[in-house]
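Undergrad: predicted model and sequence follow; I will ask about them next.
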Amino acid sequence: MSTSTRLQLPFLAPGQLQKEFTHNEALARLDLAVAAAVLEVGRNAPPASPAPGDCYVLGSAPTGAWAGQARALAGFTEGGWRFVAAVAGMQVLDRSQIARRAMTGRRGASATCAARS
C-alpha cells in the first residue's frame, strides 16, 4: 500500500474495496499526530489500563504491544494502539511536565524528544 512521505498515512488505491478502512486508519493517525498532547515521554511499557485518547512518546526499547515502535508517538484508540513514526520538527505537549517538546534528528530510531522553550 502506498503511504504519505512524512506521517506514513495510507493512501486510497484506485479500485480499492472497502476504502473506509484505509480512510479511517488515516484519520486515526492524524488525530494522534496533529496537536499531540502526551501523558509521558520516554515510556517503554504500555500502561495496564489505557483510556481512548491516551498518548505517549515511546522510549528507545518499547515492549509488549509497543515492541518495534522505538521513539514513535503511540495513541490508544477504541481499536487498540496506533503509532506514528516521529519526524524531525514534530511537536508535542508533554502534559506531565507542562512543556512543549520537539522531535529532533531523523525519523524512526534516531529521533529524540527534546524540550522547547
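TA: Everything's here; your move. Numbering: from 1, shown residues only.
Undergrad: which residues in this protein form helices?
TA: With DSSP state H, the ranges of helices along the chain come out as 19-33.
Undergrad: below-threshold pLDDT in it: ranges please.
TA: 1, 5-7, 105-117 (pLDDT under 70).
Undergrad: strands of that one, residue ranges please.
TA: 36-38, 40-43, 55-58, 73-77, 80-84, 91-94, 99-104, 112-116 (DSSP state E).
Undergrad: tell me, how many residues neighbour residue 93?
TA: 14 (other Cβ atoms under 10 Å). Bear in mind the C-beta positions are built from the backbone N, C-alpha and C, glycine included.
Undergrad: just checking, it touches residue 57?
TA: No - using Cβ atoms under 8 Å, residue 93 is not in contact with residue 57, being 10.8 Å away.
Undergrad: without its sequence neighbours, what residue ends up closest to the residue nearest in space to the middle of the chain?
TA: For the chain, the residue sitting closest to the mean C-alpha position, by Cα atoms, centre = their mean, is residue 73 at 2.6 Å. Spatial nearest neighbour of residue 73, excluding adjacent residues (Cβ to Cβ, 6 or more residues apart in numbering): residue 84 at 4.5 Å.
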